[in-house]
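Trainee: fold the following for me, if possible:
(one chain, ligands or ions: 1)
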Amino acid sequence: MTPSLLILTGAGISAESGLGTFRDTDGIWSKFDWQKLASPDGFADDPVAVHAFYNARRAGLLAARPNAAHDALATLEAAWVRSGGGFLLVTQNIDDLHDRAGSERLIHMHGELLRARCGACGDLRDCRADLSIAMVCSACGREGGLRPHVVWFGEMPLGMEEIYDRLSSVTHFAAIGTSGSVWPAAGFAEEAGRAGAVTYELSMEAGESGHNFQHVLYGPATQSVPNWCETVISEAFAA
Ligand code: BV8
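Mentor: Numbering: from 1, shown residues only. Prediction:
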């Protein structure tokens, strides 16, 4: 069977690039209330506070750079595809560090911080500057409807049809830098296991998804991911 790899990444892969994680000690959700700042109701109640929250994170992202883990996954993708395998990287992260590292077969299932969407007409565009309620959508002319192109709690994640289609036939699955606490992403390992895939967890400690990963590698992603990339491709294509 042709080796087909699906990798799910979370905030932990960007931690060593200086971007915050959510549920670690001092994590983002320990300082900010996700119900007020990462939900449609929160945006409806106080769009100024939500824009300030994402404007600050966007500025931090523009000052950050991909790290060795992002680079290793982009190199792995090219080698895996060159060997004739199937490859998909699904990230829960809204940063663009995988994109900047050169990953191409990539789905941002929770959206992208560097894009804005008009709540009125759905127009999508790149956004590297602050958003505010005073801004007017250049597509429909409405004021105040622009929001970060981010999937908030209670909203449907993106690319789910393609993700589940791939999960049904993967031979290898890795969860990297994620606590496995947010659904439906937290259920992907189980889906891959049902397809008979070899499953890997690369993090600082065991996640909450409850899946029994066949292989676990705990430690900083900039060390564990490059090492894992070296071995997984030789294992997959040697068999
Ligand atoms: C939806 C964007 C349905 C915003 C985020 C069951 C099924 C389906 C849904 C649910 C369900 N049960 C509950 C729900 C609802 C909810 C949910 O899961 N709630 C949880 C809290 C229980 N899910 C949803 O609302 C989802 N939507 O289900 O819609 C639907 C159906 C029909 C019609 C309409 C809708 C949407 C969820 C998406 C929310 N948006 N992000 C933003 O970023 O501001 S989620 C948020 O958590 C983050 O953004 C992140 O993407 C996500 C996961 O967090 P992690 O990435 O894992 O980060 P975390 O800090 O938790 O962990 C970091 C890990 O890294 C740790 O393990 C740590 O050890 C490790 N680490 C740290 N440093 C390093 C490291 N590893 C390696 N090296 C290091 N240096």
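
Trainee: please pull out the lowest mean pLDDT helix or strand from this structure.
Mentor: Sorted by mean pLDDT, DSSP states H and E, the helices and strands of the chain end with helix 28-31, the least confident at a mean of 92.

Trainee: which elements pack onto the helix or strand just after that helix?
Mentor: Using DSSP states H and E, the helix or strand that follows helix 28-31 towards the C-terminus is helix 34-37. In this structure, helix 34-37 packs against helix 40-45, helix 47-62, with contacts taken as 3 or more CB pairs under 8 Å, 6 or more residues apart in numbering; DSSP states H and E. Every residue, glycine included, has its C-beta placed from N, CA and C.

Trainee: just the pLDDT at the residue lying farthest from the centre of the chain, thanks.
Mentor: Distance from the C-alpha centroid of the chain peaks at residue 141, with 31.3 Å (CA atoms, centre = their mean). Looking at residue 141, its pLDDT reads 96.

Trainee: hang on, it is in a strand, isn't it?
Mentor: No. Applying DSSP: H, G, I helix; E, B strand; the rest coil, one finds residue 141 to be coil, outside a strand.

Trainee: for it, what are phi and psi?
Mentor: In terms of degrees, to the nearest 10, the main-chain angles of residue 141 are phi 80, psi 0.

Trainee: coming back round to it: give me the residues contacting the least confident helix or strand of the chain.
Mentor: Residues outside helix 28-31 that contact it (CB atoms under 8 Å, 6 or more residues apart in numbering) are 20, 21, 22, 23.

Trainee: which of the residues you listed are buried, as a ChimeraX select command?
Mentor: Here is the ChimeraX command that selects the buried residues among the contacts of helix 28-31 (16 or more other CB atoms under 10 Å):
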select :20,21,22
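
Trainee: the longest helix seen in the chain packs against which elements?
Mentor: Determined from DSSP state H, the single longest helix within the chain is helix 221-238. When contacts are defined as 3+ CB pairs under 8 Å, 6+ apart, helix 221-238 sits against helix 68-82, strand 172-176, strand 198-203, strand 215-218.

Trainee: note down every partner strand of the last one and its orientation.
Mentor: This means strand 215-218. Take DSSP bridges as the rule and strand 215-218 pairs in its sheet with strand 198-203 (parallel).

Trainee: quick one: average pLDDT of the longest helix of the chain?
Mentor: 96.

Trainee: and the angle from that helix to helix 68-82?
Mentor: Interaxial angle of helix 221-238 relative to helix 68-82 (axes from the mean of the first three to the mean of the last three CA atoms, to 10 degrees): 10 degrees.

Trainee: could you list the low-pLDDT ranges of the chain?
Mentor: The model of the chain has pLDDT under 70 over residues 239.

Trainee: tell me how it divides into domains.
Mentor: According to automatic domain parsing, the chain comprises the domains 1-19+67-110+157-239, 20-63+113-150.

Trainee: and the longest helix of the chain, C-alpha only, in CSV?
Mentor: The C-alpha coordinates for helix 221-238 follow below in CSV (Å, rounded to 0.1, in the frame of the first residue of the first chain):
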residue,chain,number,x,y,z
ALA,A,221,9.6,20.1,18.7
THR,A,222,12.8,21.7,17.3
GLN,A,223,14.6,18.5,18.5
SER,A,224,12.0,15.8,18.2
VAL,A,225,10.5,16.7,14.8
PRO,A,226,13.7,16.7,12.7
ASN,A,227,14.7,13.4,14.3
TRP,A,228,11.3,11.9,13.7
CYS,A,229,11.2,13.1,10.1
GLU,A,230,14.5,11.3,9.4
THR,A,231,13.2,7.9,10.7
VAL,A,232,9.5,8.0,9.6
ILE,A,233,10.3,8.2,5.9
SER,A,234,12.8,5.4,5.9
GLU,A,235,10.4,3.2,7.9
ALA,A,236,7.5,4.0,5.7
PHE,A,237,9.2,3.4,2.3
ALA,A,238,11.4,0.5,3.4
